[in-house]
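> quick one, what's the 3D model for this:
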Amino acid sequence: MTWMRWRPAMEEALYGADGGFYRRSEGPAGHFRTSVHASPGYARAVARLLGDVDEALGRPAELALVDMGAGRGELLTGVLHAAGPELAGRLRPYAVEIAERPAGLPEAVVWTDRMPQGVSGLLFANEWLDNVPLDVAEVDDHGVLRYVEVAPDGEERLGDALDAEDAAWSARWWPADEPGARVELGSPRDAAWAAAVGGLERGLAVAVDYAHVRESRPLFGTLTGFRQGREVRPVPDGSCDVTAHVALDAAAAPALHSLWTTQREALRALGVSGARPPLALASTDPAGYLRALGGAGESAELTDPAGLGGFGWLVQTVRMPVPQSLEGLAGWQTLVP
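Below you'll find the predicted structure:
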């Protein structure tokens, strides 16, 4: 039986050229429901945020919209549809994804496997960082943090003690000393986010994911799998998504203004409320009432604190002020890496 740490096992299972989960034709939408798939209101909210970024940047001649981990381009397609005429001819959309370009994507979308450099605009990473592979560690019976090794069938065992770099990361961001406690070692995600943000000359960087901060790390970690809409045992054989929540406070790129809130609060600031339409509309415009009711249901799903609304939003500004729509949001906490 072949044993390896979780990071290389995840890398091969998710992105391997021969059968990696994210290289398959059906894409993420074939296995789980993200905010993008839940409602077109999500793309409209991102489009509003993009407009606010454009205004804060002084309406540059070219405005970038970078979708990290773009899937099949669903978010970009929705934002392009919702973007106002003031962006016509200036918007430059980039889909950053390792899979092949899907058929039917708008021609304007630049499909690439790496973050563009020197652009100004909005960098948006929806459920990207949770799929950046990482190692997992567990405290043994003697209080020593050791790497968790995994076999192709998902069986685990403890391996070597942490090296100095991972031990230092854990001590700062995810201290653990209770036997059986697990740590998801987030330094690869920190590096991935810093590299992505480094591609912005000016603009706003937003990472959206199931997340936690230092004060509330889960004792036994969050590593899990998903297949066809169901949570399953994480098996690194390419048959399922393998994911873990994100330590977003650790990932926050240093030396930038960094804010953290929930998706519920962020989307409400961007006009997604989930409020039911007035009942009187049912008498004057029954069809309009039903459409509004359906939209309210979708918005409620996006902002449900027990579901998609519980996602964390990490927002970082690069040589620009916080957009006006988010500036006064009561739910913001300032992160200090």
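
> mind checking the longest strand of the chain?
If you go by DSSP state E, the chain has its longest strand at strand 200-209.

> what's the first helix or strand after that one?
Downstream of strand 200-209, the next assigned helix or strand under DSSP states H and E is strand 211-212.

> parallel or antiparallel, list what pairs with that following strand.
When pairs are called by DSSP bridges, strand 211-212 turns out to pair with strand 246-247 (parallel).

> run the chain-centre distance for the strand it pairs with.
Centroid separation for strand 246-247 versus its chain: 10 Å, with Cα atoms, centre = their mean, to the nearest Å.

> pLDDT on that strand, on average?
For strand 246-247, mean pLDDT is 98.

> wouldn't residue 174 be in contact with residue 217 here?
Yes - the pair residue 174 / residue 217 is scored as a contact, 5.2 Å apart, by Cβ atoms under 8 Å. Just so you know, the C-beta spots here come from the backbone N, C-alpha and C atoms, and that holds for glycine as well.

> mind showing which ranges of the chain have poor pLDDT?
Scanning the chain for pLDDT under 70 picks out 1, 24-33, 38, 274-299, 329-337.

> if you set the cut-off to 80 instead, what comes out?
1, 18-19, 23-34, 37-39, 88, 255, 273-306, 309, 327-337 (pLDDT under 80).

> pick out the residue nearest the middle of it.
Closest residue to the average C-alpha location of the chain: residue 127 at 2.6 Å, with Cα atoms, centre = their mean.

> so what's it up against?
Residues counted as contacts of residue 127 (Cβ atoms under 8 Å, 6 or more residues apart in numbering) are 28, 34-35, 69, 208-209.

> of those residues, grab the buried ones for ChimeraX.
Burial among the contacts of residue 127 is assessed by 16 or more other Cβ atoms under 10 Å; the matching ChimeraX selection reads:
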select :28,34,35,69,208,209
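
> what number of residues are in the vicinity of residue 231?
13 (other Cβ atoms under 10 Å).

> quick check: it touching residue 223?
No - using Cβ under 8 Å, residue 231 makes no contact with residue 223, being 11.4 Å away.

> now the residue nearest to the centre of the chain: how far from residue 178?
Per Cβ to Cβ, to the nearest Å, residue 127 is found 30 Å from residue 178.

> what ranges do the strands span in the stretch 1-150 of the chain?
Assigned by DSSP state E, counting those that start in this stretch, the strands in the stretch 1-150 of the chain fall at 4-5, 63-68, 91-96, 110-112, 119-126, 135-139, 145-150.

> picking up where we left off before, list the buried residues in the longest strand of the chain.
200, 202-209.

> so which elements touch that strand?
helix 40-56, strand 119-126, helix 187-197, helix 248-251, strand 312-318 (3 or more Cβ pairs under 8 Å, 6 or more residues apart in numbering; DSSP states H and E).

> now render these as CSV, adding mean neighbour count.
CSV is the format used below for those (neighbours: other Cβ atoms under 10 Å):
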stretch, mean neighbour count
helix 40-56, 22
strand 119-126, 24
helix 187-197, 19
helix 248-251, 24
strand 312-318, 22
